[in-house]
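Q: sequence and computational prediction follow.
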Amino acid sequence: MINKTELMLGSNLTTAREDNLALVIRLIHKAGICSRADIASATGLKQATITYIVNDLIDWGLVKETGSIEGRLKRRSIGITLNKESYRLIGVRLSRNNITIGVFDMDNNLLKKEVVHLSVDMTPEEVVDKMILSLKANLRTIENEKALGIGVAIPGPYIAKEGRIALMSGSSGWESVDIEARLQESLDLPVFLDHDANCAALAEWWHGETGERKYILLMQVDDGVGSAIMANGNLYRGGVGTAGEIGHSSIDFTGPKCQCGNRGCLELYCSTVALRQQYKTEHLLEGETGSLSAREIIKAVREGDPRARGVYAKTASFLAFGLVNAINLLNPEIIVLSGIMSQAGDYLLEVIQPILENRIVKDVYKNMDIRLSCFGEDNVLCGAGALVLEEALRQPTQYFKPA
């Protein structure tokens, strides 16, 4: 017997059409405005095939013509662009302290945002109920517009095959909640879930400044530490969806015990939780009390406060040590730093870059770029919206073609 999982599955005409539609939509989105000839050149598809596909996308309302533009060989052509008003994308971010809901157009413009604060004593089931109620309320405000779907970014490790969180640091009980099933049975739209770092990476890929880089490593550093790995525009999720859990890689095998069961996990040393603990410890050693939040400490870092910068530099150094391992393992072309810890701005790069330069093979370091996310704190929320578009492009005719 032939094991199908060991083979690359072939393509039939229907699959090829879906793939071509998705490819053309992606290219138009990346280009902003382009011509049919530009797409034919970029894809290698025949001009007649491109004309047929684009005409379909125009009929569906997903693409519109913009008038005359300068095309290939400086000839005038009819420009086409994505119709950003054709659909609305709903993005949701679940964190330990709140639920954030955003409504986006197809060009990732944030049209509406709501933050729902959570009580520390709420159970996971109550949090999901709160999310459902908030989503229904937001959907009522855009009921006259076409919502394509709902993307939900959640902390991890996230078991994608089962639609649940395996571990949420600082919050218990999530491992028994099938979030995806709960949301899908309560809402009238397709629902897609993914790890928050994966969503942040999608935001960078679809709407950020990664350029032509094919191999991207995104580091999301908040209360926990996660990463996302992208190769050729595709997320690498692993067997059950937990790839990228760099926060639970050990940098000290004799270190403190982590909730995951490991010792000396990276996130115990360089997360916002670690930053607050380090700041408080140093204040106590000086006979003072230090009860600032991570955001307040990072604000002081941006303002040049020497004490805050000293604590921050010590914490961020551990992030650099973890990055050395990730770079040697994955060899990314670009590293994007995001999350609350990245809000320190260029000072984070000042701390990290010398460590990487001294600990990585020179030829690897000089062929790698490292920068901050261009989305600020909304990067994961933007990525949750991009997740909807990413998933819809797996079957464009199902999501975009009018009934």
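A: Alright, I've got the coordinates. Bear in mind the structure is a predicted one, so any value in this text is a computation, not a measurement.
Q: how many residues are close by Cys34?
A: By other Cβ atoms under 10 Å, the residues close to Cys34 number 21. (Each C-beta comes from the backbone N, C-alpha and C, glycine too.)
Q: could you check the pLDDT of Leu323?
A: Note on Leu323: pLDDT of 95.
Q: can you give the contact residues for the helix or strand that contains Leu356?
A: With secondary structure defined by DSSP states H and E, Leu356 is part of helix 346-359. The set of residues external to helix 346-359 that reach it, using Cβ atoms under 8 Å, 6 or more residues apart in numbering, is 301-302, 309, 312-313, 316-317, 319-321, 323-324, 327, 337, 341-342, 365, 370-372.
Q: of the residues you listed, buried ones?
A: Among those, those that count as buried by neighbour count (16 or more other Cβ atoms under 10 Å) are 301, 309, 312-313, 316, 319-321, 323-324, 327, 337, 341-342, 370-372.
Q: need the next SSE after the lowest-mean-pLDDT helix or strand in the chain, C-terminal direction.
A: In the chain, no helix or strand scores lower on mean pLDDT, DSSP states H and E than strand 164-165, which sits at a mean of 81. Heading C-terminal from strand 164-165, the first helix or strand you meet, by DSSP H and E, is helix 179-186.
Q: list the helices and strands that next one packs on?
A: With contacts taken as 3 or more Cβ pairs under 8 Å, 6 or more residues apart in numbering; DSSP states H and E, helix 179-186 sits against helix 124-141, strand 147-154, strand 164-165, strand 191-195.
Q: the longest one vs strand 147-154, what angle?
A: Spelled out, it's helix 124-141. 150 degrees (axes from the mean of the first three to the mean of the last three Cα atoms, to 10 degrees).
Q: which parts of helix 124-141 are buried?
A: Pro124, Val127, Val128, Lys130, Met131, Ser134, Leu135, Asn138, Leu139.
Q: in CSV: these, plus distance to Met106 and pLDDT.
A: Converted to CSV, those look like this (distance: Cβ to Cβ, whole Å; pLDDT from 0 to 100):
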residue, distance to Met106, pLDDT
Pro124, 32, 88
Val127, 29, 92
Val128, 28, 93
Lys130, 28, 95
Met131, 24, 95
Ser134, 23, 95
Leu135, 20, 96
Asn138, 18, 93
Leu139, 17, 93
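Q: hey, where'd the helices end up in the chain?
A: 13-31, 36-43, 47-59, 124-141, 179-186, 196-207, 267-270, 272-285, 294-302, 306-330, 346-359, 362-366, 379-392, 396-400 (DSSP state H).
Q: the shortest one: which residues count as buried?
A: By that I understand helix 267-270. Buried, per 16+ other Cβ under 10 Å, within helix 267-270: Glu267, Leu268, Tyr269, Cys270.
Q: thought Asn328 was touching Tyr365?
A: No. Using Cβ atoms under 8 Å, Asn328 makes no contact with Tyr365, being 10.9 Å away.
Q: for Ala243, find the nearest of the helices of the chain.
A: Within these, the stretch nearest Ala243 is helix 196-207; the backing value is 9.0 Å (Cβ to Cβ).
Q: burial of Ile334, as a residue count?
A: With other Cβ under 10 Å as criterion, Ile334 counts 20.
Q: in the sheet, who's paired with it?
A: Ile216, Asp369 (DSSP bridges).
Q: got a pLDDT number for it?
A: pLDDT at Ile334 comes out at 95.
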